[in-house]
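Peer 1: Any chance you could fold what I've pasted below:
(4 chains)
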There are 4 protein chains.
Amino acid sequence: MPLSPDQQAEVDELRSAPTQTLRATVPGIEAHLYKAMDVLDHGFVRVIDYMGDDSAICQAARVSYGRGTKSVQNDEGLIRYLMRHWHSTPFEMCEIKLHVKLPVFVARQWIRHRTANVNEYSARYSILDREFYIPEPDALAAQSVVNNQGRGEALSGEEAERVLRYLRDDAMRSYDHYEEMISQDGQQGLARELARMNLPANIYTQWYWKVDLHNLFHFLRLRADAHAQYEIRVYADAICEVVKDWVPAAYKAFEDYRMGGANLSGTAITCIQRMLKGEKVTQENSGMSKGEWREFLAVLE
Amino acid sequence: MPLSPDQQAEVDELRSAPTQTLRATVPGIEAHLYKAMDVLDHGFVRVIDYMGDDSAICQAARVSYGRGTKSVQNDEGLIRYLMRHWHSTPFEMCEIKLHVKLPVFVARQWIRHRTANVNEYSARYSILDREFYIPEPDALAAQSVVNNQGRGEALSGEEAERVLRYLRDDAMRSYDHYEEMISQDGQQGLARELARMNLPANIYTQWYWKVDLHNLFHFLRLRADAHAQYEIRVYADAICEVVKDWVPAAYKAFEDYRMGGANLSGTAITCIQRMLKGEKVTQENSGMSKGEWREFLAVLE
Amino acid sequence: MPLSPDQQAEVDELRSAPTQTLRATVPGIEAHLYKAMDVLDHGFVRVIDYMGDDSAICQAARVSYGRGTKSVQNDEGLIRYLMRHWHSTPFEMCEIKLHVKLPVFVARQWIRHRTANVNEYSARYSILDREFYIPEPDALAAQSVVNNQGRGEALSGEEAERVLRYLRDDAMRSYDHYEEMISQDGQQGLARELARMNLPANIYTQWYWKVDLHNLFHFLRLRADAHAQYEIRVYADAICEVVKDWVPAAYKAFEDYRMGGANLSGTAITCIQRMLKGEKVTQENSGMSKGEWREFLAVLE
Amino acid sequence: MPLSPDQQAEVDELRSAPTQTLRATVPGIEAHLYKAMDVLDHGFVRVIDYMGDDSAICQAARVSYGRGTKSVQNDEGLIRYLMRHWHSTPFEMCEIKLHVKLPVFVARQWIRHRTANVNEYSARYSILDREFYIPEPDALAAQSVVNNQGRGEALSGEEAERVLRYLRDDAMRSYDHYEEMISQDGQQGLARELARMNLPANIYTQWYWKVDLHNLFHFLRLRADAHAQYEIRVYADAICEVVKDWVPAAYKAFEDYRMGGANLSGTAITCIQRMLKGEKVTQENSGMSKGEWREFLAVLE
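Peer 2: Predicted coordinates for the structure are as follows:
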């Protein structure tokens, strides 16, 4: 139950009191506002605010291109053009603010995206809750044997059980000791900023995260990708659902050019040209390393 | 007449069609939306969109500080605390988007503030309008004799007249030649991206500019300051009027701590301590250079 | 003659006094240090300082990937891998500082790359020199008839002559009036910060520009590209020569993956797959617009 | 023993092989290069590279201010002027690259400084070492009773012993289980990216961190401050020692204007003016809240 009763009451109150505005509004994302989308066992993503819509992207592009842009292209065509040619500034004209609850090890990956605004719950100042991420059995993956940075099949049987037991027991014991250390009952109590260091990286934290659409797309391209760690990908997937309802034309262009597309080297382009002329191209005569060739074939299949 | 009839019609239409939203809204800034505030002879500032309000700043701060913050301080006190201690991230949770029309030499200063999103009218792609900034007589200032980067009294008489004549005539002639060069009437016509180089820096351009409140305050501190060039200061002043109506508590704290405050060196603090103990402190025994001492006295007066 | 005798003397002095350092040094770029590479008629690019080399990129990547990385891949293979997978942070570990003299209209495009450090000559504080960019005859291009943002053939005959006359005469006259306005000979003299607004956008300015290698590659990808305006492309080309001598492995990967490569949409990938299976694909059955199809064919040729 | 024998051998090799360069070099920081400065029980700071010196700051400033700057002020005076007036861009012309080993909970605070380049050891890809921060007895502070975000006296006796026992035992047990979970001995072995979540926040990580001098000063102002958590302050203090030897004039100005200085509100300035005129000013008639008044008095003492 990611939202506390207090938080749920707050959501209900906020959602019952619409006001009037002259700003651009988007019914699709209004329907998401404040509601928590559950992610993992205790996490969530909530839309707190947004600015702009598909038209705002075009409006900004048309300031740049001035007269005549309007007649040439409709909004969807213009947005595809901007995405194709990496004209990123019009996408920066849209902004979204999310409230996210997430495990610390996910937060550590997430924060590497620097062009965003963040306010995180402070464990120097406040006491963390007893909430830890414990994977579902099918997310309890073995180390990949082909990729240092990847996962293999799910563990099973005794091995899986032992892992879950360790994760649960260590989390609970660490938290018990955290509470004991900060307790001021019959003792001074350790400073919170020190006691927190005993807590493992699967404890949940939360933050407000505000980002423009261009940088959000960059985040989603890397984190909604098959190579991203599962535990951050589920957050990216949840955000994709929101973006699709917020700026449908931009999201569609993003899906085609970024998520579904490929970035090919000059060497790879030359190979395609040769193949289209009927030449038999192999790794050996391609000019690519084995790794590159494997990735290249994966694109063509 | 900074807004064209077309633009005015667009404003009227947009302002007549409020929609409902669940987001935070601020009546004070809604009243500004889309309306152009005139600046200089042909320029303007228009609010296109905004995100957040005073409460959003506190809400983000309270995520950081967790339980208990609410009881300790009301919103205004919390905002003053955040401003005093340079806790800047909660202010980043508010965002504003402006449409600005401004002379190129002002745009060149403005763009140096890097943490913002910009879409500018493209003179590669489109044709610039025949609009130039010509100062009012009282803004026609002489070079300061004490400060390389400053202004003295307004010019007068023949000197003022000659300056105005030069500015007007050179602008008109440059624009005539610009038009002649790009004309495709009986000739090929020079590329726009080349022809524009003949135009002087007082020609007007326009852009969409989107920035968070923390970075906007930084901009305003430098550009609404007495040391800023008059022609950018009038834009900063116009934006101050908007911010005051948008986030009144944050603006008040900004005024007290940033605009009305002073940043004193350790040396200056020591001098104040000595003065309060009754000691006679002079530039010679202050440890400050003459320039520093002059600025220090100006703070104490 | 872009460098003044004073500047040349300074270069000579600096180049004659090597010192010892324990930092990574690169003979290839040491040979460029301080020397001005001429660009356009009065401009230049000078390398002032640099940090890091190809090894520094790998060293940073190996901190990330820890044990075992060294055995798997040599430096060149690792750098190609990083480039292919958009692992941009190791490239940020290299930094370069340039002194650039360039026309104002080029500076206005350049400054849009925000992630860099800049100190520009101040025309509020100082007096600009009488130096203007006047294009060579073969750079005097007509407006493209197919692309609003492009150039056609070079102008010729009387039209070319008139354009050059306008550019030269307007520049000289504007500068004469600039000098007259700021003169304090028998008059007060207009403030420099005002007088400069009379100067056209082909006047030269200069700045120190410092950027990390990742952001420099982004700049070069956009500005050394055939779609970039010729007058900024020649600066990008000059910088490419420097980067090639500084980080040869990184530059080679950049050339293959960014300059020579292509970013294809999911739709385009599907078309290639169909073509490789022998299907006849046309614009009509491709799912692409006419513009996209034209760009797609250009990649395959 | 923060540096491994391998790392020490690498340092020795690097330090024994100086090369020649035409770049600006600073003997003071050359003496620090590659050597590890010990911080906390297993951490360190090592200077890997640097760019620029005090002169580079002035050189960049003089590009901005053009002719005449040289005559007016010597380097030290110019640097003080730039610092006093928040002219931050010349300080951005210096850059430093550090290798830092630090506990994860310190890394989480540090990374909030966004304008820097980072490559961190990847626990998705590699196996973390069994190294945990365990505070010295005098750093084992109680929670402050006056400040939610602060520390009181050091714990003692049984309470201190129990805290240390918890921190040590929980760390060892978590690491034992981490090793067991990733072991591929007779089992599949949990993916590293999952197993790491069992590790507490006092485990050590390491990264390369590259930052310009302006942003480094901002970091040091906040993190070398008495309000910063002790465990990050010791890193900031170590870096201060390096900066002092690298850019002595800039560091001195930073100490006076930022570390030793104070930022006073308009209200506070007015109070000082009244006090200097002999008026008796109290919290009640000061216009300040109790908290502000307390901080104000602390500045004047």
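
Peer 1: Does A:Gln206 lie in a helix or a strand, and which?
Peer 2: strand A:204-212 (DSSP states H and E).

Peer 1: what about the residue nearest the centre of chain A, which SS state?
Peer 2: With distances taken as C-alpha atoms, centre = their mean, the residue of chain A nearest its centroid is A:Ala236 (2.9 Å). Three-state assignment for A:Ala236 (DSSP: H, G, I helix; E, B strand; the rest coil): helix.

Peer 1: what residues are up against it?
Peer 2: A:Ala236 sits next to A:Phe219, A:Leu220, A:Arg223, A:Ala224, A:Ala228 when contact means C-beta atoms under 8 Å, 6 or more residues apart in numbering or on different chains. All C-beta atoms are positioned from the backbone trio N, CA, C, and that covers glycine.

Peer 1: Model confidence score at whichever residue of the stretch 151-300 of chain A sits closest to chain B, please.
Peer 2: Chain B sits closest to A:Tyr208 of the stretch 151-300 of chain A, with a gap of 4.9 Å, by C-beta to the nearest C-beta. Note for A:Tyr208: predicted pLDDT of 96.

Peer 1: what's across from it in the sheet?
Peer 2: A:Tyr208 has these beta-bridge partners by DSSP bridges: A:His99, A:Asn119.

Peer 1: Would you confirm that it contacts B:Val63?
Peer 2: Yes - here A:Tyr208 reaches B:Val63: they are 5.4 Å apart, a contact under C-beta atoms under 8 Å.

Peer 1: ok, back up a step: neighbours around the residue of the stretch 151-300 of chain A closest to chain B, how many?
Peer 2: 27 (other C-beta atoms under 10 Å in any protein chain shown).

Peer 1: who's in contact with it?
Peer 2: By C-beta under 8 Å, 6+ apart, A:Tyr208 lies in contact with A:Ile48, A:Lys97, A:Leu98, A:His99, A:Val100, A:Asn117, A:Val118, A:Asn119, B:Gln59, B:Ala60, B:Val63, B:Met93.

Peer 1: The fourth one reaches A:Gly43, doesn't it?
Peer 2: No - proximity of A:His99 to A:Gly43 does not meet the contact threshold set by C-beta under 8 Å, at 11.0 Å.

Peer 1: okay, the two: which has more neighbours?
Peer 2: It is A:Gly43, of A:His99 and A:Gly43, that has more neighbours when counted by other C-beta under 10 Å, with 24 against 21.

Peer 1: residue contacts, the residue in the stretch 51-200 of chain A that chain C sits nearest to?
Peer 2: Nearest residue of the stretch 51-200 of chain A to chain C: A:Gly77, at 6.4 Å (C-beta to the nearest C-beta). Contacts for A:Gly77 (C-beta under 8 Å, 6+ apart) come out as C:Ser289.

Peer 1: Quickly list the domain ranges of chain A.
Peer 2: According to automatic domain parsing, chain A comprises the domains A:5-133+A:202-261, A:134-201, A:271-300.

Peer 1: Give me the neighbour count for A:Arg294.
Peer 2: Neighbourhood size, A:Arg294 [other C-beta under 10 Å]: 11.

Peer 1: Let me fix that, I meant to ask about A:Gln184.
Peer 2: Applying other C-beta under 10 Å, we find 11 residues neighbouring A:Gln184.

Peer 1: and the closest residue to it other than its chain neighbours, how far is that from chain B?
Peer 2: Nearest residue to A:Gln184, sequence neighbours excluded (C-beta to C-beta, 6 or more residues apart in numbering or on different chains): D:Gln143, at 7.1 Å. Distance of D:Gln143 to chain B, given as C-beta to the nearest C-beta, to the nearest Å: 13 Å.

Peer 1: Check A:Val104 too.
Peer 2: The spacing between A:Val104 and chain B, counted by C-beta to the nearest C-beta, is 15 Å.

Peer 1: in terms of contact, does that residue touch A:Asn202 like I think?
Peer 2: Yes - between A:Val104 and A:Asn202 there is a contact under C-beta under 8 Å: 7.1 Å.

Peer 1: who's more crowded, the two?
Peer 2: When A:Val104 and A:Asn202 are compared for neighbours, A:Asn202 comes out ahead with 27 against 24, by other C-beta under 10 Å.

Peer 1: tally of neighbours for the closest residue to the more buried one other than its chain neighbours?
Peer 2: Once flanking residues are discounted, A:Asn202 sits nearest to D:Met197: 3.9 Å by C-beta to C-beta, 6+ apart. Residues lying near D:Met197 (other C-beta under 10 Å) number 25.

Peer 1: For A:Ala236, see how far away D:Met197 is.
Peer 2: As judged by C-beta to C-beta, to the nearest Å, D:Met197 and A:Ala236 stand 18 Å apart.

Peer 1: same check, this time on A:Tyr166
Peer 2: Here A:Tyr166 is placed at a distance of 28 Å from A:Ala236 (C-beta to C-beta).

Peer 1: What parts of the stretch 1-150 of chain A come near chain C?
Peer 2: Counting by C-beta under 8 Å from any C-beta of the partner chain, the stretch 1-150 of chain A comes close to chain C at A:Tyr65, A:Gly68, A:Gly77, A:Arg80, A:Tyr81, A:Arg84, A:Trp86, A:Asn148.
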